[in-house]
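Q: Turn this into a model:
(chains A, B, C and D)
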Protein chains: 2
Amino acid sequence: MLTIGQLAAYTGVTVRAVRHYHQIGLLPEPERDAAGYRQYGATAVIALIKIRSLAEAGVPLSQIGHMLGADAASFAQAVQKIDDRLRDEIERLEASRKQIAQLAAGDSLALPPEVVAFLDRLREIGASERMVEAERDGWILIAARWRDQLGEIMPAKHAQLDDPLMVRLYQVGSALLEDGTVDDPRLVELADILAALAERAPPSSEEWGDDVAHDLIDSLLVEADPRSRRLLELLRERGWGGWSRPERLPRPPG
Amino acid sequence: MLTIGQLAAYTGVTVRAVRHYHQIGLLPEPERDAAGYRQYGATAVIALIKIRSLAEAGVPLSQIGHMLGADAASFAQAVQKIDDRLRDEIERLEASRKQIAQLAAGDSLALPPEVVAFLDRLREIGASERMVEAERDGWILIAARWRDQLGEIMPAKHAQLDDPLMVRLYQVGSALLEDGTVDDPRLVELADILAALAERAPPSSEEWGDDVAHDLIDSLLVEADPRSRRLLELLRERGWGGWSRPERLPRPPG
DNA sequence: ATGAGGGGTTGACGCTGCGTCAGGGTCAAG
DNA sequence: CTTGACCCTGACGCAGCGTCAACCCCTCAT
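A: Predicted coordinates:
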């Protein structure tokens, strides 16, 4: 007769595991001795080894009971289901590993490579690190909503950076982020640039559609830096509302 | 401003998940409106998307907090650790799949192929299915203790089956398992065969060592079939104790 | 005004497979 | 008699939410 510790040692499991199997009814409770100790015989050892070999093969404990009492056909069927489950799980983990590998490289936290390339471009034209981070956050919002269309959007954004006005926009923006105050004159310059750009390329509401995402991007600006309120005000003076998708405002009377 | 449901919809997570992230302090609790509803802004959306992209890459929630605030170096290091974890997990699951494939084939529940082959041999020489199951259980005990030595043990066992006496042993045993009674004369024949076999090949205690496993195997016999008590008694009369590893008994005085 | 339906709120249990205390009793040896 | 190594039961903890329960809030149609 074996104690629970000897049983556990013989079969290579922990005492706690054995008690757990009792608790869930997988292994029947054996007789007790005078002191209340469980006493195991050979059949218990065999049952436990069978349980472990199924468990180690990835069978959930809740199914092992059925499988041990099943005929060959339904056993094989159950095995097939387990194997499918394992395959799915492995696939999911391998997908995770690919994701992880992506994350290891650069800004790509949640961003596709086209956008990462764009951010790198920004650094090249002299945008500060804080500016790039702000842009990155904006692109996270955009990517969440229009991930599939990024392939069409990004080339246009790249092209815009050939425009010296756009370059100036990011440079002034970077400088402001570093040390600007609420009444910095460069805010006016920024507003002028934005108005000029909006004038040049009027928003085509068709392709973007109106969406909560634009509001989010606008509010991101405000949340990121309180000075942006002043900027939006200056933009309104110049006849433009919004920022991520500027709209022509009705000219105020007078 | 977004409600929790809108936030969840935008980022593709469940409402419950968002609340969970609040609970564990991963996502800061936002302001509430007059009714107590949570109100989310753009930064919350961005934070949540970052969290999800790490979580989907297999990063445990408990680590995501650290990683979001880490510099590039320790971020990369953390990523490495996650990747190692994922690799281990995948390996474990693939090992499980191999086990499962083994289980799908035959008796192999917890048994290596050499033993399965031996059991098949038993069927060929006319052992009944119940006899084979009893043997299989015995081998489960043996394999648990001497798995590494099975490669040396099994050839000898195979060879023993060339002995007509051994064949007769299994055949009589099979017959007894089906319909024998406690005073069946075939029990005597069985005892004679066992004694003769023990005489012929005395146990070499060196190679097996004395062990709890033998006691288990002996007790397995008794637990499996109460008639075996009579058999052991007959064996003792013939000067042999035990069964899995018979020992010469001191001849009783007189 | 009222009721229905579709939001939101907190709180708590459930799942898997045990690990790990806590707070005891038991047993063999020195 | 003490010590140390076992055994016992009971209960919380773990990851990442799913899923009630019981209640509040808002809006729209009747």
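Q: what about stretch A:22-35, start to end distance?
A: 19 Å (Cα to Cα, to the nearest Å).
Q: Could you give the separation of that stretch from the chain centroid?
A: How far stretch A:22-35 lies from its chain's middle: 46 Å, per Cα atoms, centre = their mean, to the nearest Å.
Q: mean confidence score for the helix or strand encompassing A:His20?
A: Element membership for A:His20, per DSSP states H and E: helix A:15-23. For helix A:15-23, mean pLDDT rounds to 96.
Q: repeat for stretch A:137-154
A: Mean predicted lDDT for stretch A:137-154 stands at 90.
Q: Over to stretch A:191-207?
A: 76.
Q: Over to stretch A:70-77?
A: 88.
Q: Likewise for stretch A:213-232?
A: 88.
Q: For the stretch 51-200 of chain A, which segments count as strands?
A: Along the stretch 51-200 of chain A, no stretch is classed among the strands by DSSP state E, counting those that start in this stretch.
Q: For it, list the residues in contact with chain B, please.
A: A:52-54, A:56-59, A:76, A:79-80, A:82-83, A:86-87, A:89-90, A:93-94, A:96-97, A:99-104, A:109-110, A:137, A:140-141, A:144-145 (Cβ under 8 Å from any Cβ of the partner chain). The C-beta positions use only the backbone N, C-alpha and C, and glycine is treated the same way.
Q: re the thing from before, is the next helix or strand after the helix holding A:His20 positioned near DNA strand C?
A: Next along the chain after helix A:15-23, taking DSSP H and E as the criterion, comes strand A:31-32. No. Counting by Cβ under 7 Å from any atom of the strand, DNA strand C has no neighbours in strand A:31-32; the shortest distance is 10.7 Å.
Q: Direction included, what does strand A:31-32 pair up with?
A: strand A:38-39 (antiparallel) (DSSP bridges).
Q: Can you tell me what sits against the strand it pairs with?
A: Contacts with strand A:38-39, where a contact means Cβ atoms under 8 Å, 6 or more residues apart in numbering or on different chains, come from A:1-4, A:29-33.
Q: right, and out of the residues you listed, which lies closest to A:Asp163?
A: A:Ile4 (77.7 Å; Cβ to Cβ).
Q: Name the residues of the stretch 1-150 of chain A found near DNA strand C, please.
A: A:14, A:16-17, A:20, A:33-36, A:55, A:60-62.
Q: Just the buried residues of those residues.
A: A:17, A:55 (16 or more other Cβ atoms under 10 Å in any protein chain shown).
Q: circling back: buried among the residues of the stretch 51-200 of chain A next to chain B? Make that a PyMOL selection.
A: Burial among these is assessed by 16+ other Cβ under 10 Å; the matching PyMOL selection reads:
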select buried, chain A and resi 52+53+54+57+58+59+79+82+83+86+89+90+93+96+97+99+100+102+103+104+109+110+137+140+141+144+145
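Q: Sitting in helices, which of the residues of the stretch 51-200 of chain A next to chain B do you find?
A: A:52-54, A:56, A:76, A:79-80, A:82-83, A:86-87, A:89-90, A:93-94, A:96-97, A:99-104, A:137, A:140-141, A:144-145 (DSSP state H).
Q: if we can go back for a sec, ok, which of the contacts of strand A:38-39 also contact DNA strand D?
A: For DNA strand D, the contacts drawn from the contacts of strand A:38-39 by Cβ under 7 Å from any atom of the strand are A:3-4.
Q: picking up where we left off before, most widely separated two among the residues of the stretch 1-150 of chain A next to DNA strand C?
A: Checking these with Cβ to Cβ, the most distant pair is A:Ala34 and A:Pro60, at 36.9 Å.
Q: Leaving out chain neighbours, which residue sits closest to whichever residue of chain A sits closest to DNA strand D?
A: Residue nearest to DNA strand D within chain A (Cβ to the nearest atom of the strand): A:Gly5, separated by 2.3 Å. In this structure, A:Gly5 finds its nearest non-sequential neighbour in A:Val15, 5.8 Å apart by Cβ to Cβ, 6 or more residues apart in numbering or on different chains.
Q: neighbours around A:Gln77, how many?
A: 12 (other Cβ atoms under 10 Å in any protein chain shown).
Q: quick check: domain ranges of chain A?
A: Per the record, chain A has its domains at A:1-69, A:70-104, A:107-248, by automatic domain parsing.
Q: and of those domains, who's closest to B:Asp184?
A: domain A:1-69 (23.4 Å).
Q: how near is A:Ala35 to A:Ala44?
A: 18 Å (Cβ to Cβ, to the nearest Å).
Q: Tally up the residues packed near A:Asp88, please.
A: 11.
Q: cool, the one 10 residues further on as well?
A: A total of 10 residues lie near A:Lys98 under the criterion other Cβ under 10 Å.
Q: So the residue of chain A positioned farthest from its centre, which state does it fall into?
A: Using Cα atoms, centre = their mean, the residue of chain A lying farthest from its centre is A:Ala34. It sits 58.1 Å away. Assigned with DSSP: H, G, I helix; E, B strand; the rest coil, A:Ala34 falls in the coil class.
Q: rewinding a little: ok, and what's touching the helix holding A:His20?
A: With Cβ under 8 Å, 6+ apart as the criterion, helix A:15-23 contacts A:4-5, A:7-8, A:27-29, A:48, A:51, A:61.
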